[in-house]
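1. kindly return the folded structure for what I paste below:
(chains A and B)
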2 protein chains.
Amino acid sequence: MSNFESAIPNELSWLYRGISEIFPNQADSQDANENLVQRLRKTDRPLRVKLGIDPTGADIHLGHSIPVRKLRAFQDAGHTAVLIIGDFTARIGDPTGKSDVRRQLSVDEVKYNAQTYLDQVRPILDFETPGRLEIRYNSEWLEPLGLAKILELLATMTVGQMLAKEGFAERYKQENPIYLHEFLYPLMQGYDSVAVQADVELGGTDQKFNIAVGRDLQRHFGQTPQFGLLTPILIGTDGVQKMSKSLNNYVGLRDEPLTMYQKLEGTKDNQVDSYFELLTDLALDELPTNPRDRQQLLAWTIVSHYHGKKAADEAKQGGAIPEFSLAAVTFPAKLFYILNASGLCESSGEARRQIQNGGVKLEGDRISTVDLTFDSPDSLNGKVLQVGKKKFVRLVP
Amino acid sequence: MSNFESAIPNELSWLYRGISEIFPNQADSQDANENLVQRLRKTDRPLRVKLGIDPTGADIHLGHSIPVRKLRAFQDAGHTAVLIIGDFTARIGDPTGKSDVRRQLSVDEVKYNAQTYLDQVRPILDFETPGRLEIRYNSEWLEPLGLAKILELLATMTVGQMLAKEGFAERYKQENPIYLHEFLYPLMQGYDSVAVQADVELGGTDQKFNIAVGRDLQRHFGQTPQFGLLTPILIGTDGVQKMSKSLNNYVGLRDEPLTMYQKLEGTKDNQVDSYFELLTDLALDELPTNPRDRQQLLAWTIVSHYHGKKAADEAKQGGAIPEFSLAAVTFPAKLFYILNASGLCESSGEARRQIQNGGVKLEGDRISTVDLTFDSPDSLNGKVLQVGKKKFVRLVP
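-> Numbers count the residues shown, from 1 in each chain, chains lettered A, B, ... in the order given. Next comes the predicted model:
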């Protein structure tokens, strides 16, 4: 019937794998506006699948990769990934100056950060196949927006609806100030959907409100409203809290192969299943049963995805890296002394130079304080100390 | 000391006459930012005194004239009246389409309405003296406003501050929807003050919030905040309710001399003092004591202001206009029959033509329904029926 139908697999497991919610979700409806599966089956053109990102320049971790992987799944099914770089929003920052997260960025910073982001997601997305990726900057349509149109956007919502949004509701109740411009951000994100005529928008579960605003605005402007597809929040390597750089329970997409492998090899038992589901394409009913084998397969699969099979194999071997006992060190001790004593550097002088030149990492984090001193071995035990790409020791008591 | 000081009369009774409030009002402060009298005394340039008007095309009545008269008083003291025509706001209207008051107007309608307004206030303001009047259209600065600047405006206020505004507070409490764009209107009005660098803004007592928003925005943009000068709301000719066209207790600036005179001659005793104070320049301690004399002086003074002394004299004579007794008419009765029976028209045919051509007024309101029928004399008794400019009768029982 439709040209496109052949491209849609009967099996839609790729769509449903590891998601939290699709909305609207009238699963039994034949109406393609209420049922995403029907839309996928009936469409005669690639759907436009939107994912918005803030070019804040942060390292991306595996938690962030989840909606990007889902975007890839849509690409593989023949659809168009529309990646929206929120450059306009980033350049404005937070006009109150109260938020560090939203500090104003220059045009050059935004450009650099966007490139950094694209570099990191390059292993995930299909950048090659024609028509599968569209990269858009939202300044294209937000910059020329005038007061009349902005009033029109604002007029689509009431104060009550906005204050019902999670986050706003609590702040209002607790009498914490909500600045008026904050009400515009969901509308700006929603207007992005209008501008790119999105059929589907991907996001974490915390994006439900904003995606719903996009639906309302599309309806207002005479478009068919997009579907929202929400992906879960990933638990970090501690097995307890949301993966986050500030909690140091994260695996960065730019982590060195060995670091990445070692972090993932230690994935907590309660998270291994979910990591397989959310971060790999492996069939979940064909996984090894032995817990250690499962952790190693997980680590190898993800490392090979971001760094290739050779690096993954090496990292797996590297699991047996030499140990250095801190019992031989008198604390407090300078880092450069430990580098020398452990044999990673031939002298304290070389150790200092290596630190200075950015060649030294502790558990994957670069250390650049030449005179860094440790008062006791407590914060070092069990960690990997590394010089350059090839020299490692594991610090043990 | 300052060039301008000589233009400020020692006596500032013109400033204080008939106002509700000046804010800020640190009356004992020597700081010209806190005390308007000090500002007037110390300024070395004409102050910029803002009054904003909506070009909705409505007839202006004496209630509206109060802040315009105060604007004239500032002109006479050497200052610059800055009349802001809200053309941008009028052209947008209410994007929800829910408000009749804010229906969208075309550019031509706005232009026509603005001219209509200016025609009506011409007898009040000084249009002649160079430098005393500046007419500005707010599309000049609102049209080019981009999203970045609008976010900046919005970020100066919190939801809590906005919901504290009279009107919003009750609606929110009663769970009546408040649309988000409504929050922008006070900020747009406030930004007008920034754009014209207002030193003083005039308005009715219901404008206090908006004028205060203007102060905040001026401070935000590094300007000295304006003073707010609030004028009272005028009670209508019924002596009870706010003057308003819809309550039919108003005196329009375009009322014919006789109509205007007769309405004002009937000013209720409890309002005569306040009408003298707010609508004339007469010294309040030199008014006649006899109530009838006071009413006549009030009517004559105001009519002569808008129509000239000759018209006022004639209107005063016209008070003794011929009477026609409705006892001679059988009800229900057609209007054209009454016009003929009373002698205002020579035949029913002429009467019909006069109605058709717009030449017939009842108590000042033009009547254009040729077949208008009155069931009883009740709604006619005491009213003046008029054909053309010169033929009148008062209808009596």
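
2. anything in stretch A:170-178 near chain B?
-> Yes: using C-beta under 8 Å from any C-beta of the partner chain, stretch A:170-178 reaches chain B at A:Tyr172, A:Glu175, A:Pro177, A:Ile178. Every C-beta, even on glycine, is put in place using the N, C-alpha and C of the backbone.

3. ok, the residues you listed vs B:Leu15, which is closest?
-> Lowest distance from B:Leu15 to these (C-beta to C-beta) belongs to A:Pro177, with 36.9 Å.

4. thought the closest one was touching B:Met162?
-> No: between A:Pro177 and B:Met162 there is no contact under C-beta atoms under 8 Å: 11.2 Å.

5. show me which of the two is the more surrounded one.
-> Using other C-beta atoms under 10 Å in any protein chain shown as the criterion, A:Pro177 and B:Met162 rank with B:Met162 on top: 22 against 14.

6. tell me the mean pLDDT for the host helix or strand of the more buried one?
-> Using DSSP states H and E, B:Met162 falls within helix B:159-163. Mean pLDDT, helix B:159-163: 93.

7. and after that helix, which helix or strand comes next?
-> For helix B:159-163, the following helix or strand on the C-terminal side (DSSP H and E) is helix B:168-173.

8. quick one: is that following helix near chain A?
-> Yes: applying C-beta under 8 Å from any C-beta, one finds helix B:168-173 in contact with chain A at B:Tyr172.

9. quick one: mean pLDDT over that helix.
-> Rounded mean pLDDT across helix B:168-173 is 89.

10. the next helix or strand after it packs against which elements?
-> Helices and strands here follow DSSP H and E; after helix B:168-173, the next one along the chain is helix B:184-196. In terms of contacts (3 or more C-beta pairs under 8 Å, 6 or more residues apart in numbering or on different chains; DSSP states H and E), helix B:184-196 is packed against helix A:147-154, strand B:48-53, strand B:80-85, helix B:87-92, strand B:133-137, helix B:139-142, helix B:147-154, helix B:208-220.

11. relative to A:Leu287, which of these is closest?
-> helix A:147-154 (47.7 Å).

12. tell me the buried residues in the closest one?
-> Neighbour-count burial for helix A:147-154, counted by 16 or more other C-beta atoms under 10 Å in any protein chain shown, picks out A:Leu147, A:Ile150, A:Leu151, A:Glu152, A:Leu153, A:Leu154.

13. tell me the buried residues in the longest helix seen in chain A?
-> Looking across chain A with DSSP state H, the single longest helix is helix A:291-307. Using 16+ other C-beta under 10 Å as the test for burial, helix A:291-307 gives A:294-307.

14. any chance of these in a markdown table, plus distance to chain B and pLDDT?
-> Output for the buried residues of helix A:291-307, formatted as a markdown table (distance: C-beta to the nearest C-beta, whole Å; pLDDT from 0 to 100):
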| residue | distance to chain B | pLDDT |
| --- | --- | --- |
| A:Arg294 | 49 | 95 |
| A:Gln295 | 47 | 94 |
| A:Gln296 | 50 | 94 |
| A:Leu297 | 48 | 96 |
| A:Leu298 | 44 | 97 |
| A:Ala299 | 44 | 96 |
| A:Trp300 | 47 | 96 |
| A:Thr301 | 44 | 97 |
| A:Ile302 | 40 | 97 |
| A:Val303 | 42 | 96 |
| A:Ser304 | 44 | 95 |
| A:His305 | 39 | 95 |
| A:Tyr306 | 37 | 95 |
| A:His307 | 41 | 94 |
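
15. now the residue positioned nearest the centre of chain A: which helix or strand?
-> The residue lying closest to the centre of chain A (C-alpha atoms, centre = their mean) is A:His64, at 1.3 Å. Using DSSP H and E, A:His64 sits in helix A:62-76.

16. now that helix and strand A:133-137, what's the angle there?
-> Here helix A:62-76 points in a direction 130 degrees away from that of strand A:133-137 (axes from the mean of the first three to the mean of the last three C-alpha atoms, to 10 degrees).

17. contacts for helix A:62-76?
-> Residues outside helix A:62-76 that contact it (C-beta atoms under 8 Å, 6 or more residues apart in numbering or on different chains) are A:14-15, A:17-19, A:47, A:49, A:51, A:81, A:83, A:121, A:124-126, A:129, A:132-133, A:200, A:202-204, A:229, A:231-234, A:236, A:242-244, A:250-251, A:253, A:275, A:278-279, A:302.

18. quick one: name the residues of chain A near chain B.
-> By the rule C-beta under 8 Å from any C-beta, the part of chain A lying against chain B is A:88, A:91-92, A:94-96, A:142-148, A:150-152, A:154-155, A:157-160, A:162-163, A:172, A:175, A:177-181, A:183-184, A:187-188.

19. now, which of the buried residues of helix A:147-154 sits nearest A:Val384?
-> Nearest to A:Val384 among the buried residues of helix A:147-154, counting by C-beta to C-beta, is A:Leu153 at 51.0 Å.

20. nearest residue to that closest one other than its sequence neighbours?
-> Leaving out its chain neighbours, the residue that sits closest to A:Leu153 by C-beta to C-beta, 6 or more residues apart in numbering or on different chains is A:Leu187, at 4.8 Å.

21. sorry, back to before: of the residues of chain A next to chain B, buried ones?
-> Buried positions within these, assessed by neighbour count (16+ other C-beta under 10 Å), are A:88, A:91-92, A:94-96, A:142, A:145, A:147, A:150-152, A:154-155, A:157-159, A:162-163, A:172, A:178-181, A:183-184, A:187-188.

22. closest to A:Asp59 out of the residues of stretch A:170-178 next to chain B?
-> When the residues of stretch A:170-178 next to chain B are ranked by distance to A:Asp59 (C-beta to C-beta), A:Ile178 comes first, at 30.0 Å.
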